[in-house]
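Peer 1: Pasting the sequence and the predicted coordinates here, then a few questions.
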Amino acid sequence: QVQLVESGGGLVQAGGSLRLSCAASGRTFSSYAMGWFRQAPGKEREFVAAINRNGGVTYYADSVKGRFTISRDNAKNTLYLQMSSLKFEDTAVYYCALDREYARVAAGVVAVWGQGTLVTVSS
């Protein structure tokens, strides 16, 4: 089974930028649609962004549209989330996830989750 490991989280000031990475094990990375989700303290986990298998189709939550960019490098088995113009309300644990079907990822129904990486935005 594919395993996912996120990295790149940390403390950043409001208005700043941060790039998250998600490294996947195994040789079938390109067979999966991928997504980013986040969970803020005291709140439920929410969808952030999704990307299809070849990276040609992306989808974003309204709260991050225009500020975040999801991308993938299938040769490196890695998913990315470039976050810009960060706001205090972006503070959360960010998770990457995958599933065979893009629609399932976009709907937040996924097969495999990473362990998460914490992003803290100071106001």
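Peer 2: The structure has been received and is ready for your questions.

Peer 1: Just list whatever residues bridge to the nearest residue to residue 38 once chain neighbours are set aside.
Peer 2: Leaving out its chain neighbours, the residue that sits closest to residue 38 by Cβ to Cβ, 6 or more residues apart in numbering is residue 92, at 3.8 Å. To be clear about C-beta, it is placed using only N, CA and C from the backbone, and glycine gets the same treatment. Beta-bridge pairing for residue 92 (DSSP bridges): residue 119.

Peer 1: Looks like residue 92 contacts residue 37 (just checking).
Peer 2: No: in this structure, residue 92 is not within contact of residue 37 by Cβ atoms under 8 Å, at 9.0 Å.

Peer 1: and the residue lying closest to residue 111 once chain neighbours are set aside, backbone torsions?
Peer 2: Spatial nearest neighbour of residue 111, excluding adjacent residues (Cβ to Cβ, 6+ apart): residue 99 at 4.7 Å. Recorded main-chain torsions at residue 99 are phi -160, psi 160, according to degrees, to the nearest 10.

Peer 1: burial of residue 99, as a residue count?
Peer 2: When neighbours are defined as other Cβ atoms under 10 Å, residue 99 has 20 of them.

Peer 1: tell me how far the ends of stretch 86-98 are from each other?
Peer 2: 24 Å (Cα to Cα, to the nearest Å).

Peer 1: mind listing what's buried in that stretch?
Peer 2: For stretch 86-98, the neighbour count (16 or more other Cβ atoms under 10 Å) marks 86, 90-98 as buried.

Peer 1: what's the offset of it from the middle of its chain?
Peer 2: Centroid separation for stretch 86-98 versus its chain: 8 Å, with Cα atoms, centre = their mean, to the nearest Å.

Peer 1: Now that stretch: average pLDDT?
Peer 2: For stretch 86-98, mean pLDDT is 97.

Peer 1: what do you get for stretch 17-33?
Peer 2: 93.

Peer 1: Strands of the protein, start to end?
Peer 2: 4-7, 10-13, 18-24, 33-39, 46-51, 58-60, 68-73, 78-83, 92-99, 112-113, 117-122 (DSSP state E).
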